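Chemist: sequence first, predicted coordinates after that:
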Amino acid sequence: AGKKALLVEGARRIGKSTVVEEFAKNEYKSYILIDFAKASSDVKEYFQLYLNDLDTFFMLLSVQYGVQLHERDSVIIFDEVQLFPKAREAIKYLVADGRYDYMETGSLISIKENVKDIVIPSEERQMKMYPLDFEEFCWALGEKPMVTYIRTCFDKREPLERTLHNKAMLLFKQYMLVGGMPMSIVAFLEGRKDFGKADLEKRDILALYRNDIMKIQAQYRSKVLAIFDQIPGLLSRHEKRVVFNRIAAGSSADQYEETFFWLTDSMVANECRRANDPNVGLSLTESDTYIKCYLGDTGLLVSHAFDENELLEDEVYKQILDGKLGLNEGMLYENVIAQMLTANGHRLFFYTHYSDCFALLESIENELIDEFEKSLRYVNSFDVTALIEALYDMVDQNQEACRTLVLGNTSSAVIAKMIALAKTDSLAYWHRELPKASETELEMMYTHLSNGLMHVIVEGYDKYSKEEMIRFVSQVVKVSLLLFR
């Protein structure tokens, strides 16, 4: 005791402050809670002026909050500590002093904006706090005996008795609809199991998350917002993974690294990466480009996916309780399993074993697009030699897939996606090199050249040598763009 501070991390509105304060009331003779969302400038100034004089520091806190501190029997709580990083930095000295215990609560603890000017103390033990799980939800509904019965059946590997199985499934579906956010459950119970009351609380929380995103002081704010808004749509697709060039033409996974770090660190979402081989350690074969994104709470996902009118008019609650929602119900079950695994300390991975030709073709198509994206680094010259060689390398390394999806098929969706991907980088380079050309002229020229020459490459792959293709395409591009010199 007294050697480390406890840092409780969790999403906004998860109940961190309530739990920590309740613990302090029950386990200590006295406590001081400093909420940095509303702490006075005087209190913040104590951290600047008196860390070298801790006797005065503690005396001022005791007077400010009207609390008598008792050595080794009092705890000081730094609530929403991410709002005042200097207090977190001070933990090193306060713990070393040894008089009192310290607890911190916060969200977005690790993002650059909240740690850039401080030394992160090693005297912290971090603990993550998640929404209530199904067992805790049952406790809240007064169903502890049901939880005990489920656990007993699981331990004995026996099925539940049919009527009790049906009751357990009804409870689980209620849990998916309400979720595990404390205020949502309170509203559900106080409203005598009114899903509408719970939905109002969840929409308030979603609005709070959206406001937090809008406060991001970084260029990736729009990307975070785009992913957050599209989570229900992404999870309703067959593969449920993020296809980056569908979010913004020409975008790729590496451009979203900070985006997913923010969503994961805020605990608003749970990130899941593909493992290429499930027979070895999953993290050893994880992919940086194949990502799924689940919402941190499945009840929030229900409210995020459907507006208030859809929930009532389309009888979504009834359909879920009756097991008749179809595709969207699968989305909810997958999200709740991801939520449970995360809360139990597991990193999320997925492995795709294709069960139908359409899923397989879509995967192959996406892998070709990813390969093509790598070749776009050569879009920095009117000389297209390097770009065409990269395209030929892509075909050579993926012969069977290219012959199925691209070569000899000029109406291929893959070609259209490649043209769209290359557009942003190509036009950006042309604008720099051809300042007299209007945006409209270059757009039309890109449409003309990209469609025409891509089809020449596709249809001529087996007819002409690579050298002939490079010579012809380079000449056409140079002559065409010279019109705007």
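Modeler: Cool, got the structure.
Chemist: for residue 202, which non-adjacent residue is closest in space?
Modeler: In space, residue 202 comes closest to residue 303 once its chain neighbours are excluded; the distance is 4.1 Å by C-beta to C-beta, 6 or more residues apart in numbering. C-beta here means a position set from N, CA and C on the backbone, and glycine is covered the same way.
Chemist: now the one you found, what's its secondary structure?
Modeler: Using DSSP: H, G, I helix; E, B strand; the rest coil, the structure places residue 303 in helix.
Chemist: I'd assumed residue 206 was in contact with it.
Modeler: Yes. If you go by C-beta atoms under 8 Å, residue 303 and residue 206 touch, sitting 6.2 Å apart.
Chemist: between those two, point out the one with more neighbours.
Modeler: Using other C-beta atoms under 10 Å, the more surrounded residue of residue 303 and residue 206 is residue 303, with 26 against 18.
Chemist: ok, the more buried one to residue 317 distance?
Modeler: Distance, residue 303 to residue 317, using C-beta to C-beta, to the nearest Å: 12 Å.
Chemist: got it, and residue 30?
Modeler: 46 Å.
Chemist: how about the CA coordinates for stretch 175-188, as CSV?
Modeler: Extracted in CSV, the C-alpha atoms of stretch 175-188 (Å, rounded to 0.1, in the frame of the first residue of the first chain):
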residue,chain,number,x,y,z
TYR,A,175,-28.8,-6.7,-22.3
MET,A,176,-27.9,-6.2,-26.0
LEU,A,177,-30.7,-3.6,-26.4
VAL,A,178,-30.1,-1.7,-23.2
GLY,A,179,-26.3,-2.2,-23.0
GLY,A,180,-24.0,-1.8,-20.0
MET,A,181,-23.8,1.9,-19.6
PRO,A,182,-24.9,2.6,-16.0
MET,A,183,-27.3,5.5,-16.8
SER,A,184,-29.0,3.5,-19.5
ILE,A,185,-29.6,0.6,-17.1
VAL,A,186,-30.9,3.0,-14.4
ALA,A,187,-33.3,4.6,-16.9
PHE,A,188,-34.5,1.1,-18.1
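Chemist: what sits up against it?
Modeler: 13-15, 18, 130-134, 136-138, 140, 194-195, 197-198, 200-202, 204-205, 297-302, 317, 320-321, 332-333, 336, 339 (C-beta atoms under 8 Å, 6 or more residues apart in numbering).
Chemist: what are the buried residues along it?
Modeler: 175-185, 187-188 (16 or more other C-beta atoms under 10 Å).
Chemist: which of these fall in helices?
Modeler: 175-178, 182-185, 187-188 (DSSP state H).
Chemist: buried subset of the contacts of stretch 175-188?
Modeler: Of the contacts of stretch 175-188, these count as buried by 16+ other C-beta under 10 Å: 13-15, 130-134, 136-138, 140, 195, 197-198, 201-202, 205, 297-302, 317, 320-321, 332, 336, 339.
Chemist: the stretch 251-400 of the chain: strands as residue ranges?
Modeler: 269-275, 286-295, 348-350 (DSSP state E, counting those that start in this stretch).
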